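In: Give me coordinates for this.
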Amino acid sequence: QAQLIESGGGLVQAGDSLRLSCAVSGIMFRRYGMGWFRQAPGKEREFVAAITWLTTTYYADSVKDRFTISRDNAKNTVYLQMNSLKPEDTAVYYCAADREGRYSRGPNEYDYWGQGTQVTVSS
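Out: Sure thing, here's the model as predicted:
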């Protein structure tokens, strides 16, 4: 049974930083592609960043140069370092796992999801 648990969200001011973590169990983590998505109230879930099993990374244009995705296979954990946060980054952030190990921007390509962690950025 796959389990993904996000942590690290919170309330911060514009310009601050946060690091989200997603602890994964129940799957062969090192072979999975991992993604971060976010969903703001009234909006669709959107792609934020992804890292393949070979550690190639991809980012949405809106977060490029501000966010960094990384993974620690020894800890079965994927991270999202978020710097220079903006009010428009406010959303629930979800991590997701793709058994094919690939990069994908589409939520439907992912097999397992966490419950999400709230990030709120005040102006």
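In: Please report phi then psi for the residue nearest the centre of the chain.
Out: Per Cα atoms, centre = their mean, the C-alpha nearest to the average position across the chain is that of residue 36, at 2.3 Å. Backbone geometry at residue 36, expressed as degrees, to the nearest 10, gives phi -120, psi 130.
In: What of residue 83?
Out: The phi and psi torsions at residue 83 (degrees, to the nearest 10) take the values phi -110, psi 160.
In: and the closest residue to it other than its chain neighbours, how many neighbours does it have?
Out: Of all residues beyond its chain neighbours, the one nearest residue 83 is residue 17 (4.7 Å), with distances taken as Cβ to Cβ, 6 or more residues apart in numbering. Using the backbone N, CA and C atoms, a C-beta is placed for each residue, glycine as well. Using other Cβ atoms under 10 Å, the number of residues around residue 17 comes to 11.
In: Go ahead and confirm residue 17 touches residue 86.
Out: No - under the criterion of Cβ atoms under 8 Å, residue 17 lies out of contact with residue 86, with a separation of 11.9 Å.
In: can you give me the strands in the protein?
Out: Secondary structure of the chain by DSSP state E: the strands cover 3-7, 10-13, 18-25, 33-39, 46-51, 57-59, 67-72, 77-82, 91-98, 112-113, 117-122.
In: Pull out the buried residues from the fourth one.
Out: Burial within strand 33-39, assessed by neighbour count using 16 or more other Cβ atoms under 10 Å, is assigned to 33-38.
In: Name the nearest of those relative to residue 59.
Out: Taking Cβ to Cβ as the measure, residue 59 lies nearest residue 36 of the buried residues of strand 33-39, at 9.6 Å.
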